[in-house]
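Need a 3D model of the following:
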Amino acid sequence: MHREESWLATTVKRLLADKYGGRIPGVRRISADIAEANGGDTISHGHVHNILTGEAENLTDRTRVLLARFFGKQPAFFHPPEHGTPNADSVHALAARLATFDQAQLDAIRTALDIASGQRRPDED
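The predicted structure is shown next:
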């Protein structure tokens, strides 16, 4: 049985092909190049392998940041596109989580939403 390649694996492979001129190097080389782009901080070659094979579906924020620096993208680029309409349970769960944030965190989220929705540019304060 053949399973469809994950969004993350497809996306990272495309970015790697672009970065390396079509020929994707081995995972140890990719891990070393990620370290070079991130001041020594890297993603293990085993995790790179899992990303490329589709075994790693959910990335940590740290991994997103490292990939973003390596590829010259924003960390949000490595979130898969959402499909469909959020259901009431997911909205309530998000609201409950936001209720635990302090005012500075809520202000930062509001700013991020303004940037994402095009109501504000990233360099505006």
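
When you work out contacts or count neighbours from here on, use the C-alpha atoms and nothing else.
Noted.

The host helix or strand of Asp18 packs against which elements?
Here Asp18 sits within helix 7-19, counting by DSSP states H and E. When contacts are defined as 3 or more Cα pairs under 8 Å, 6 or more residues apart in numbering; DSSP states H and E, helix 7-19 sits against helix 45-53.

what pLDDT, on average, does the helix it packs on get?
Helix 45-53 shows an average pLDDT of 95 in the prediction.

Downstream of that helix, the next helix or strand is which one?
helix 61-71.

Show me how far whichever helix or strand comes after that next one is from its chain's centre.
Once the chain leaves helix 61-71, the next helix or strand it forms, by DSSP H and E, is helix 88-98. Relative to its chain's centre, helix 88-98 lies at 22 Å (Cα atoms, centre = their mean, to the nearest Å).

ok so, going back, could you identify the helix or strand that succeeds the helix holding Asp18?
With DSSP H and E, the next secondary element past helix 7-19 is helix 27-37.

For burial, what's the neighbour tally of His45?
His45 has 16 neighbours, counted by other Cα atoms under 10 Å.

check contacts around it.
Contacts of His45 were listed using Cα atoms under 8 Å, 6 or more residues apart in numbering, and they are 27-28, 30-31.

Okay, angle between the helix holding Asp18 and helix 45-53 too, please.
Put simply, helix 7-19 runs at 100 degrees to helix 45-53, going by axes from the mean of the first three to the mean of the last three Cα atoms, to 10 degrees.

Tell me which residues are up against helix 7-19.
Residues outside helix 7-19 that contact it (Cα under 8 Å, 6+ apart) are 22-24, 51-54, 57, 71, 78, 80.

Which residue, neighbours along the chain excluded, lies closest to the residue nearest the centre of the chain?
By Cα atoms, centre = their mean, the chain has its centre lying nearest to Phe78, at 2.6 Å. Take Phe78 and drop its neighbours on the chain: the residue closest to it by Cα to Cα, 6 or more residues apart in numbering is Arg64, 6.1 Å away.
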